[in-house]
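Undergrad: could you work out the structure for the sequence below:
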Amino acid sequence: MAKKKAFALRLNEEMLKAIEKWAADEFRSTNGQIEWMLMKALREQKREPKKKGE
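TA: Predicted structure coming up:
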């Protein structure tokens with residue numbers, strides 16, 4: 001598994017509530033949902049990070 005780095009993320013309250021609801025609906029943590037959303041966006045734009053050894 002890739003090393004994770006923590007950083008602060010500022011979101012408006014309405015956006016955070018929407019993400020928290022979506023995460024609960026998908027049985028994910030809020031952090032897990034944000035990671036999933038970001039990776040999905042990276043894949044769609046063909047900017048997915050390369051895996052080690054590639």
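Undergrad: going forward, measure contacts and count neighbours with C-alpha atoms only.
TA: OK.
Undergrad: what about the helices in this protein?
TA: 13-25, 30-44 (DSSP state H).
Undergrad: out of those helices, which gets nearest to Lys4?
TA: Closest to Lys4 of the helices of the chain is helix 30-44 (C-alpha to C-alpha; 10.9 Å).
Undergrad: most centrally placed residue in this protein?
TA: Nearest residue to the geometric centre of the chain (C-alpha atoms, centre = their mean): Glu35, 1.6 Å.
Undergrad: now render the helices of the chain as CSV, adding distance to Lys52 and mean pLDDT.
TA: Converted to CSV, these look like this (distance: least, C-alpha to C-alpha, whole Å; pLDDT from 0 to 100):
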stretch, distance to Lys52, mean pLDDT
helix 13-25, 29, 98
helix 30-44, 16, 97
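Undergrad: okay, these in CSV with distance to Lys5 next?
TA: What follows is the helices of the chain, written out as CSV (distance: least, C-alpha to C-alpha, whole Å):
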stretch, distance to Lys5
helix 13-25, 20
helix 30-44, 12
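Undergrad: out of the ones you listed, flag the one nearest Ala6.
TA: Short answer: helix 30-44, nearest of the helices of the chain by C-alpha to C-alpha, at 10.7 Å.
Undergrad: cool, thanks, talk later.
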